[in-house]
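Asks: this one's sequence-less:
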Ligand code: ATP
Ligand code: MG
């Protein structure tokens, strides 16, 4: 069980000024921040990040959304980080997300769903490596 996961606060949430509230909820849930940056992805970068979804019907919509504004990328640490963070953010579709979850509170739709959370320890490492050098992690 790894202690780290990777997250992004997506452009819908940064654009609605939910960044502070979402970070507050993450910290209050017991996660600590090990790396963080505020950036805007290029189309190529967003496509590479979501490469696993390249053949899906929503791929271009997803890429267009992810480059529509800035994001916050972060590495988070906590015991059982990957699973506990997926619980904190709630289901992909906010209509199905549990009460009190970040997606229930801040997401508008299955596409524009406020936050990303890694789905495995392996992907958490791959995603953290995609965004952060060793020098940028503490
Ligand atoms: P994420 O990987 O962003 O944490 P997730 O693991 O809950 O989300 P995935 O199945 O990995 O969900 O989908 C990645 C992202 O693609 C979703 O978060 C959402 O932004 C978008 N997406 C997924 N399904 C759809 C859909 N049916 N229509 C539009 N966008 C979708
Ligand atoms: Mg996913």
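Replies: It's in. What you are looking at is a predicted structure, and each value in this text was computed from that prediction instead of being measured. Numbering: from 1, shown residues only. Ligands and ions are numbered 1, 2, ... in the order given.
Asks: how about the residues of the chain near ligand 1?
Replies: Residues of the chain found near ligand 1 (CB under 6 Å from any ligand atom) are 53, 58, 61-62, 92, 110-111, 113, 116-117, 119. Heads up, the C-betas are built off the backbone N, CA and C, glycines and all.
Asks: Highest neighbour count among these?
Replies: When neighbours are counted by other CB atoms under 10 Å, residue 117 leads the residues of the chain next to ligand 1 with 25 neighbours.
Asks: Identify the bridge partners of that one.
Replies: Beta-bridge partners recorded for residue 117 (DSSP bridges): residue 7.
Asks: mind checking pLDDT for it?
Replies: Here, the pLDDT recorded for residue 117 equals 98.
Asks: Throw the residues of the chain next to ligand 1 into a markdown table and include distance to residue 128 and secondary structure, thanks.
Replies: Shown next, in a markdown table, are the residues of the chain next to ligand 1 (distance: CB to CB, whole Å; DSSP: H, G, I helix; E, B strand; the rest coil):
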| residue | distance to residue 128 | secondary structure |
| --- | --- | --- |
| 53 | 19 | helix |
| 58 | 25 | coil |
| 61 | 25 | helix |
| 62 | 20 | helix |
| 92 | 21 | coil |
| 110 | 25 | coil |
| 111 | 24 | coil |
| 113 | 21 | coil |
| 116 | 12 | strand |
| 117 | 12 | strand |
| 119 | 14 | coil |
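Asks: can you confirm residue 36 is in a strand?
Replies: Yes - under DSSP: H, G, I helix; E, B strand; the rest coil, residue 36 falls within a strand.
Asks: count of neighbours near it?
Replies: 18.
Asks: Skipping its backbone neighbours, what lies nearest the spatially most central residue of the chain in space?
Replies: For the chain, residue 116 is the residue whose C-alpha lies nearest the centre (CA atoms, centre = their mean; 2.3 Å). Leaving aside its sequence neighbours, residue 116 sits nearest to residue 8 (CB to CB, 6 or more residues apart in numbering; 4.2 Å).
Asks: contacting residues around the one you found?
Replies: Residue 8 makes contacts with 71-74, 115-116, as judged by CB atoms under 8 Å, 6 or more residues apart in numbering.
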